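K.L.:
Build the 3D model from these lines:
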Amino acid sequence: MSVAPDFLSAFADAVAVRIGRDLPKLRSCEAIAGELDEAELSRVGLAAPAVLVAVLGARQAAEPAYPLAEYRLAVAAFAVTRNAGALAGMTAGLAISQHLMTILPEADFGLPDCGPARSVAWRSLVTKETRKLGVHLSVVSWEQPVVLRAASGPVLVPPEVYYSRAPEIGSAHEGDYSLLVPEDAP
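P.N.:
Prediction:
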């Protein structure tokens, strides 16, 4: 089993589509490569309000989930707003970030190779430079468990479940247990 070779870019696009659907008043909601900082922001000249989604890295899960090799993606959604009034950029940016923090926990974005998002965090990226640009910039980041390939090696836990009404444990009582067979088993 393996996922599509373009899974990482398709994942970022799927996240952007979901966010754009939830926040239809955004002028831009798209996937980008890498971090977003004030230098990149001024170079891009982005139409705000916007959300930019990036996969920033990945690491293999510490506990293998055999028979699958699970990874944790480091994902970020950058919220960009511009000042239209005294606090308009900050207010809009915080509202977007708050919305992201409510939809992201447990989200799998409808992708079969994704587990539920976890460890959602928010951070302000406002600096002197972003203030000079009249921009409010913040990031909502999270970990997304994904399966990128089948793991090598044996399945460690046999896919069988045994049951008993009054179970006693130990090899002397193995005959007291019955194999649970799913109704749709062949």
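K.L.:
contacts, neighbours, all on C-alpha from now
P.N.:
Will do.
K.L.:
pLDDT weak spots in the chain?
P.N.:
1-3, 37-40, 42-46, 63-69, 85-87, 150-159, 182-186 (pLDDT under 70).
K.L.:
how about the helices in it?
P.N.:
Remark: helices assigned in the chain by DSSP state H are 7-22, 38-44, 88-103, 128-133.
K.L.:
what about stretch 174-181, start to end distance?
P.N.:
Stretch 174-181 stretches 17 Å from its first residue to its last (CA to CA, to the nearest Å).
K.L.:
In that stretch, which residues are buried?
P.N.:
Applying a neighbour-count criterion of 16 or more other CA atoms under 10 Å, one finds Tyr177 buried in stretch 174-181.
K.L.:
Quick test: name the residue nearest the centre of the protein.
P.N.:
Gln144 (3.4 Å; CA atoms, centre = their mean).
K.L.:
Quick check: that residue touching Glu70?
P.N.:
No: under the criterion of CA atoms under 8 Å, Gln144 makes no contact with Glu70, lying 10.1 Å away.
K.L.:
got a list of contacts for stretch 91-108?
P.N.:
In this structure, residues lying in contact with stretch 91-108 by CA atoms under 8 Å, 6 or more residues apart in numbering are 19, 49, 79-81, 114-122, 136-140, 144.
K.L.:
in that stretch, what's buried?
P.N.:
Within stretch 91-108, the residues scored as buried using 16+ other CA under 10 Å are Ala92, Gly93, Leu94, Ile96, Ser97, Leu100, Met101, Leu104, Pro105, Ala107, Asp108.
K.L.:
Need these in TSV (columns: distance to Ser178).
P.N.:
Shown next, in TSV, are those (distance: CA to CA, whole Å):
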residue	distance to Ser178
Ala92	60
Gly93	58
Leu94	56
Ile96	54
Ser97	52
Leu100	48
Met101	46
Leu104	42
Pro105	39
Ala107	38
Asp108	36
